[in-house]
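*Asks:* Turn this into a structure:
(chains A and B)
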There are 2 protein chains.
Amino acid sequence: MPLTEFELIERYFRDCGAARSDVIAGIGDDAALVAVPPDTELVVATDTLVAGVHFPPGSPAASIGHRALAVNLSDLAAMGARAAWALLALTIPRAEEAWLAEFAAGLAALARAHGVALVGGDTTRGPLTVTVQLLGTVPPGAALRRCGGRAGDALFVSGTPGDAAAGLALEERRLAAEPLALAYLRERFLRPTPRMALGERLRGHASACIDVSDGLLGDAGKLAQASQTGVEISFAAVPVSEPLVRAVGEEQARTLALTGGDDYELLFAVHPEKVSAMLAELPPQRWGYTRIGALRAAPGAEVLREGTVMQFSHSGYQHFT
Amino acid sequence: MPLTEFELIERYFRDCGAARSDVIAGIGDDAALVAVPPDTELVVATDTLVAGVHFPPGSPAASIGHRALAVNLSDLAAMGARAAWALLALTIPRAEEAWLAEFAAGLAALARAHGVALVGGDTTRGPLTVTVQLLGTVPPGAALRRCGGRAGDALFVSGTPGDAAAGLALEERRLAAEPLALAYLRERFLRPTPRMALGERLRGHASACIDVSDGLLGDAGKLAQASQTGVEISFAAVPVSEPLVRAVGEEQARTLALTGGDDYELLFAVHPEKVSAMLAELPPQRWGYTRIGALRAAPGAEVLREGTVMQFSHSGYQHFT
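*Replies:* Now for the predicted structure:
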């Protein structure tokens, strides 16, 4: 017998995520009720994953659940916020119990890891589409923004971008790799790691921050534009993982790192006078970030190699062009 | 030349909705930042409209924009909350400027009418799906819940349910009606009125409240179940509009009122000792609500006509059965 919407929610989503004492009413009423801590600002993000657009049809359900939350967590990390409550708007063609159980498990594991309670949502029938809304908090005035950078600020990126784009290409069999590299790169696409702890620690250090989701070069351009500056990136400085280099070679690895999507790393600018304090307080080898360039006065986003400007056919993912 | 996602958001959604001084950062960063008033609880809802499921394909874009916000406003009304900030997750097959302009106008008009700022969202390519997330506030402990009803409480409903279900049937040409009735009923489907002012005024009066969206009888059953009671509704007392009676006759009008969907009215229980104060403070003829029955100790939801229990083939809309 097919599940009713009520049964589906009770079975898979009632206890999905962390238990939090500030949830006054979670799933089961017309809306959720939560107590926002005093002396905080509320940070709110929403991101949608569409089957066939943001993940291949037939993607593992646990990965879809993980990624739907991860892409929103990453937006909060980029604001320097701490995540607290999530809502899930899930559109599915039919209620398949095995799929739902895996999806919920993937979402729940990441939610619990970051103390996020699932407090509400909506379940509807239709083409597979997952929208998560995530709420979090930040001390007043402390949020990281895209717009705070100034010419001369040093530019850093966390992790090793490009891995997820290669993982997706492997997942879609557009690329082949040896088993170890394949496993690592696929995992970076299927279960990206939002940089929550780094985002919070960057408050007071970074002048501007953005989530790298549509390609490092394009997102660097967005940060620069919001800050009314330009940006220069050193091709040789772009960090790439060993598995990525083994899979596609060093040249292609750096190109993928600059133009591939789905990284969910943090790209941040730091005023020159604040760089040494940050490096001391957040040792790069422990926190996993790399200096890759600087903001500049002249507008535009350029990648330099041995003094010459490189050309790329595109700078990142575009939905409508 | 097709619009980029950035241009699309700038052109249609940047100034969509009310301007609010408590929005610290709206559209344009990784997440929105808002200041929640002290001494309030945060109320959060999300609802999705899927093309072909929640509205006919080819529905007017302005109506889709209006309804996507209205269904969420109605959820906040049912909690007795005041709406403040919305996020929009819009999935569209392609960026059609005329459609987007109408959609945004429909959303913006309702948002401004209720003081709601659009502070963020996500625009993705895929099958037409609209998810709105709505945030609002309520004084601590004052939220209306589904679970507060007791046996003996009087049951009231706002407006004239059934109109929207008839409007949808007219829209889909499953029903015909004379021009005046047709225009009225279609409007009730295309542009439902969330009962925001009534919801806020019911705080302190109602013991329990629910948004009537999936059918009055079914939603009454949900309120009763959450309150650990049953419910009896008097068939003769169910309010129906004159246009609905003209379109389908009185018997069918009441049946539609009990089992049709998309009403976005409020159904609320009131303790017997509080009824007269409510009737005095909120005159029913001005606030547009009607007593239709009562909560009872025995479980279940029944409709009584001249002392006998009526049978319906279904009690409301179900997504997955």
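*Asks:* drop to CA atoms for contacts and neighbour counts, all remaining ones
*Replies:* Will do.
*Asks:* Report the contact partners of the residue nearest the centre of chain A.
*Replies:* Taking CA atoms, centre = their mean, the centroid of chain A lies closest to residue A:264, which sits 3.0 Å from it. The neighbourhood of residue A:264, defined by CA atoms under 8 Å, 6 or more residues apart in numbering or on different chains, consists of A:70-71, A:74, A:192-195, A:211-213.
*Asks:* neighbours around residue A:314, how many?
*Replies:* 13 (other CA atoms under 10 Å in any protein chain shown).
*Asks:* go on, residue A:182?
*Replies:* 21.
*Asks:* Show me the contact partners of the helix or strand containing it.
*Replies:* Here residue A:182, judged by DSSP states H and E, is contained in helix A:179-190. Helix A:179-190 has contacts (CA under 8 Å, 6+ apart) with A:63-64, A:66-67, A:163-168, A:170-171, A:176, A:243-244, A:246-247, A:262-263.
*Asks:* From those residues, keep the buried residues only.
*Replies:* Buried subset of these (neighbour count, 16 or more other CA atoms under 10 Å in any protein chain shown): A:63-64, A:66-67, A:163-168, A:170-171, A:176, A:243-244, A:247, A:262-263.
*Asks:* Break chain A down into its domains, please.
*Replies:* For chain A, automatic domain parsing gives the domain ranges A:5-138, A:154-309.
*Asks:* Would the shortest one count as contacting chain B?
*Replies:* Yes. Residues of domain A:5-138 are located near chain B by CA under 8 Å from any CA of the partner chain, namely A:5, A:29-36, A:38, A:40-48, A:50, A:53, A:75-76, A:78-79, A:87-89, A:94-95, A:120-127, A:131, A:133.
*Asks:* Which of the residues you listed are buried, as a ChimeraX select command?
*Replies:* In ChimeraX, this line selects whichever of those come out buried by 16+ other CA under 10 Å:
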select /A:5,29,30,31,32,33,34,35,36,40,41,42,43,44,45,46,47,48,50,75,76,78,79,87,88,89,94,95,120,121,122,123,124,125,126,127,131,133
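*Asks:* Out of the residues of domain A:5-138 next to chain B, list just those in strands.
*Replies:* Taking DSSP state E as the definition of strands, the residues of domain A:5-138 next to chain B contribute A:32-34, A:41-48, A:50, A:87-89, A:120-125, A:131, A:133.
*Asks:* Sort out which residues of stretch A:180-190 are buried, please.
*Replies:* Under the neighbour-count criterion of 16+ other CA under 10 Å, stretch A:180-190 has A:181-182, A:184-190 buried.
*Asks:* got the residue ranges for the strands in the stretch 201-321 of chain A?
*Replies:* Applying DSSP state E, counting those that start in this stretch to the stretch 201-321 of chain A gives strands spanning A:206-212, A:230-234, A:265-270, A:289-296, A:301-305, A:308-309.
*Asks:* quick one, which of those strands is nearest to residue B:147?
*Replies:* Of all these, strand A:206-212 sits nearest to residue B:147, with 40.9 Å by CA to CA.
*Asks:* Just the C-alphas of that closest one, formatted as PDB.
*Replies:* Presented in PDB, the C-alpha positions along strand A:206-212 are these (Å, rounded to 0.1, in the frame of the first residue of the first chain):
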ATOM      1  CA  ALA A 206      38.500  38.000   6.100                       C
ATOM      2  CA  SER A 207      37.400  41.200   4.400                       C
ATOM      3  CA  ALA A 208      35.200  39.300   2.000                       C
ATOM      4  CA  CYS A 209      34.200  35.700   1.400                       C
ATOM      5  CA  ILE A 210      32.200  33.700  -1.100                       C
ATOM      6  CA  ASP A 211      31.200  30.100  -1.500                       C
ATOM      7  CA  VAL A 212      33.000  28.500  -4.600                       C
END
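*Asks:* what are the ranges of the helices in chain A?
*Replies:* Here chain A has its helices, by DSSP state H, at A:5-8, A:61-78, A:97-113, A:163-171, A:179-190, A:196-201, A:216-226, A:242-248, A:250-259, A:272-281, A:284-287.
*Asks:* which of these is buried the deepest?
*Replies:* Mean neighbour count (mean count of other CA atoms under 10 Å in any protein chain shown) peaks for helix A:61-78 among these, with a mean of 28.
*Asks:* contacting residues for the residue nearest to residue A:40 when sequence neighbours are not counted?
*Replies:* The spatial neighbour of residue A:40 that comes closest, neighbours along the chain excluded (CA to CA, 6 or more residues apart in numbering or on different chains), is residue A:139 at 4.6 Å. By CA under 8 Å, 6+ apart, the contact list for residue A:139 reads A:39-41.
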